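Enquirer: Output the structure for:
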Amino acid sequence: MKTQYQNLNQKLDKLQRQAKKENKIPHQHTQFHDRTVNLTNIELTQEETRLLNKGMQHSIERPLNTYWTILITETEQAIRKLHSKIQEPYRILKLNSVALVRTRNIPTERPPPVGEVSANFCG
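Expert: Below is the predicted model:
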């Protein structure tokens, strides 16, 4: 019985030595192609290219409040460029428009076929 175990141990040692020899082969680094190919005449910065290389699942959306803040400040800047006598009516119009857009329901599904009514579709 001892000879059988010795024989198996020798085989195991031989396999381990062969595995060590095979692992000493240097690993060659594979060069991959870029994920993003710019087919336009527009030059992209490194930051933009890195962002595009992250793929389609990477979200760059800002919080909704950021869009509202930008919209309100840009509208106010445009109103300030108008003559001072007509600025106030445009400010009131801006406030009413922003309030209307904020309370408006956004469609959550495709429009229903002609003749059908859907409770979730507004438009």
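
Enquirer: hey, let's count contacts and neighbours off CA atoms from now on
Expert: Noted.

Enquirer: Which helix runs longest in this protein?
Expert: Longest helix of the chain, by residue count under DSSP state H: helix 2-23.

Enquirer: which helices and strands does it pack with?
Expert: Judged by 3 or more CA pairs under 8 Å, 6 or more residues apart in numbering; DSSP states H and E, helix 2-23 is in contact with no other helix or strand.

Enquirer: Now that helix: average pLDDT?
Expert: For helix 2-23, mean pLDDT rounds to 81.

Enquirer: what sits up against that helix?
Expert: Where contact means CA atoms under 8 Å, 6 or more residues apart in numbering, no residue beyond helix 2-23 reaches it.

Enquirer: Check which residues of the very next helix or strand once past that helix are buried.
Expert: Using DSSP states H and E, the helix or strand that follows helix 2-23 in sequence is helix 46-53. For helix 46-53, a neighbour-count test (16 or more other CA atoms under 10 Å) marks Thr49 as buried.
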